[in-house]
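A.B. asks: I'd like to go over a predicted model; first the sequence, then the structure.
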Amino acid sequence: MSKSKQSQRIGATFTAFQNAMRVLAACRTCDCELVGLERAMELATDEMQRALPVFALLELGTAKHSDLSPLAQHELALGYYALVLVGMMVAKEVGMELACPDRLQRGRHAAIVMLEALTPYVGAAEQAWSNDILLGPARSEGHIVEVHAN
C-alpha cells in the first residue's frame, strides 16, 4: 500500500464511523435511547478535525509520536478520548437491543474498528482503558479476540 493511501486510512475509518453513528441515531425509537449521541459526535468530530492532520503525519511516517509538540500530542489524546466517549455510549446502550439489535451491533463494531485504527498511535494505558470501557474490565486477551471475531 502506498504511503498516501495509507495516510488516508484513519480519515476514511472516521468517515465510516460517522456514517454508522448517523444510521444508529436514526434507528432510535425513544428519546431515552443513546441520550446525548449527537452532542458526543459533535465533540468527536471537532476533536478529530484537529487531530486528523497529526494522525496523517504519523501514518505517513513523517513524524514519530515522541517528536510531536505537546499541543499535537494533546490533540491526538482529545480526539481519541472523544471517540472513546461515543464508543462507551454505544457499547453501554441497552434500550435499542430489542428495536434495532443489528444496527446497534454495527454501531458497536464501528466504534471498535475506529479505536483499533488509532491503536498504533496511542499508549498502552489508553488502549487498556478503552478496552475496559468498551468490553468490560478484566477481560482476557482470548475474550477480546473472540469478541472481535464475532
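C.D. replies: Thanks, I have the structure now.
A.B. asks: packing partners of the helix or strand that Gly11 is a member of?
C.D. replies: According to DSSP states H and E, Gly11 maps onto helix 9-26. Packed against helix 9-26 by the contact rule (3 or more CB pairs under 8 Å, 6 or more residues apart in numbering; DSSP states H and E) you find helix 37-60, helix 70-92, helix 101-118. To be clear about C-beta, it is placed using only N, CA and C from the backbone, and glycine gets the same treatment.
A.B. asks: using CSV, lay out those helices together with mean neighbour count.
C.D. replies: Listed next are these as CSV, based on neighbours: other CB atoms under 10 Å:
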stretch, mean neighbour count
helix 37-60, 18
helix 70-92, 19
helix 101-118, 18
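A.B. asks: can you pull the contacts of Lys95?
C.D. replies: Quick fix: residue 95 is Gly, not Lys. Cys30, Cys32, Glu33, Leu34 (CB atoms under 8 Å, 6 or more residues apart in numbering).
A.B. asks: list only buried entries from those residues.
C.D. replies: If you count burial by 16 or more other CB atoms under 10 Å, the buried members of the contacts of Gly95 come out as Glu33, Leu34.
A.B. asks: before we move on, the earlier item: for the helix holding Gly11, what is the distance to the chain centroid?
C.D. replies: In this view, helix 9-26 has its centroid 9 Å away from the chain centroid, taken as CA atoms, centre = their mean, to the nearest Å.
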